[in-house]
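In: take a look and give me a structure for this.
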Amino acid sequence: MYFDGQFPGNLQDLQHLYLHHISDQSITPVNDTKHFMVGAYKEHRLEGSSVRIISIFRRDSVQPLYCVFYCGTHWANGMKAEVQMHSDHFGFRFVTTDVLCPNVPDCNPSHVTLATQADTKLAQNQSFLRIQNLVKREEEKFQFNFTVCWSNLFGDYNNVLQVTQTLEMYKLLGVQHVVVYNTSSGSDLDRLLQSYTQDGFVEVVPWPIGKYMNPSRGWQPSEHGGDIHYYGQLTTLNDCVYRQMYQSRYVLLNDIDEIIAPYQHQTLPQMMDVLQRQNPKAEVFLIENHIFPKSQFEPSGRFELPRWRNVPGINIMAHIYREEPDYRISHPSKMIVRPRAVEQTSVHSV
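Out: Numbering: from 1, shown residues only. Okay, here's the model as predicted:
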C-alpha cells in the first residue's frame, strides 16, 4: 500500500527491500555503460555460476561489472561478473556477450541487474531483469517437442504469402512453436503474425535494436556499415536457445526464408527419432543448405492459385527447382539442436 507515492508509517524503513524497476523490454541498457542486457537465465549446468545474462557489449568499452541480485526478501551484495564476448563479431562495434554471475550464498535470486559498482544500494534504482528458467524441467515435462527460432524481421518485411506457406509447412512437419524476433514488419504481416500468436503457434519478441544503435543489414561492416551484424542476429539466436532450453526438446535455428525439411521421412519427429537412435550422443545436427532460385518457375502453373494472387509475397510452391550446390566453395548449413547442450551458438555452428 502506498500513500502519496510513499511508504506509510514504519513501512518507509522497508522501502529498500522492494524492486522499483523491472524491465519488460527485450533490450535493456546497463546504466553508465555502452552495453545492453537482453535476457537473464538460471544456469543449471555450470558449477559456480548462478545466472547467465545474454547481452550486447560495445567491444571497445569493456569495464568491470557486478551482478546485483534481488533475493525475494533481501538484496545480495554485488558480485564480480565474468564477461564472455562471442568470437563472431565480424568486425562490428557491438558483439553478442554472455555475462556469467556467480552463485551467491543464502540467495535464491528472482531478478538481476548489471552495475558498474558493487554497492547494492546504488544499484537498487536500476532496471532489473526477471530471471527465467528457474525450474530445471525434465524433457518429458517440456511444453514443445520442436521449436523454430526465426531471427530478426526488419525493413518493414511484408512477405505474407511465403511466411504463411512456411508456417503451415512447419505445422505439417510437426513443429509446435515458432519464435520470431521482430524489428519491423509490414502491416499485412503484422496481422498475420497476430493471428498465429492468438492461436499459440507463434511467439513474437519485439526487437527495437534501432533505438539503441545503427544495426547493419549485412555481415561486413566495410560493405554494409552499421554497428552490429544483421540487426543483432547472433544475440537473438542465443536468446532464443535459452528461452526454449527447458521448454522444447529440439530447437531449429534457421532464417525466415528457409525450411528444414526431411526428405526420407514425412515429419521432423520421425526423422529425429531415427537420427537420435543412430547417434545417441549427438546434441547438434547440421542440415545442409540447398537453394531453390526465385528465377525458376514450375512450368504448369498449377500452384498459381487465384486466391493467392493479391497476397503480398513470394509463392514458394512455384519454385521447385533446386540449384546444384558447388562443394568446391563454402557450403553453409543450419542446425537442429538440443538446447540443454548449447552454451553459445553462431549462425551455422555452435
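
In: my guess is residue 220 contacts residue 89. True?
Out: No: between residue 220 and residue 89 there is no contact under C-beta atoms under 8 Å: 11.8 Å. No exception for glycine: its C-beta is placed from N, CA and C like everyone else's.

In: who's more crowded, these two?
Out: Counted by other C-beta atoms under 10 Å, residue 220 and residue 89 do not tie: residue 89 has more neighbours, with 18 against 13.

In: residues touching that one, list them.
Out: For residue 89, the contact set (C-beta atoms under 8 Å, 6 or more residues apart in numbering) comprises 59, 95-96, 229.

In: try residue 19
Out: Applying C-beta under 8 Å, 6+ apart, the residues contacting residue 19 are 70, 111, 128.

In: residues near the closest residue to residue 232 other than its chain neighbours, how many?
Out: Counting by C-beta to C-beta, 6 or more residues apart in numbering, residue 232 lies nearest to residue 209, which is 5.0 Å off, once chain neighbours are set aside. Here the number of neighbours of residue 209 (other C-beta under 10 Å) works out to 24.

In: with the one 5 residues further on instead?
Out: For residue 214, the neighbour count with other C-beta under 10 Å is 12.

In: and if you look at the one 5 residues further on?
Out: With neighbours defined by other C-beta under 10 Å, the count for residue 219 comes to 15.

In: what sits against it?
Out: Contacts of residue 219 (C-beta under 8 Å, 6+ apart): 90, 229-230.

In: turn these into CSV, including pLDDT.
Out: CSV is the format used below for the contacts of residue 219 (pLDDT from 0 to 100):
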residue, pLDDT
90, 90
229, 94
230, 94
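
In: look up phi and psi at residue 166.
Out: phi -70, psi -40 (degrees, to the nearest 10).

In: find the nearest non-adjacent residue to it, please.
Out: Distances taken as C-beta to C-beta, 6+ apart place residue 259 nearest to residue 166, at 5.8 Å, with adjacent residues excluded.

In: roughly how far does that neighbour sit from residue 279?
Out: The gap separating residue 259 from residue 279 is 22 Å, by C-beta to C-beta, to the nearest Å.

In: more neighbours: which of these two?
Out: Set residue 259 next to residue 279 and count neighbours by other C-beta under 10 Å: residue 259 wins out with 20 against 10.

In: and the more buried one, backbone torsions?
Out: Dihedral angles of residue 259 (phi, psi; degrees, to the nearest 10) stand at phi -130, psi 120.
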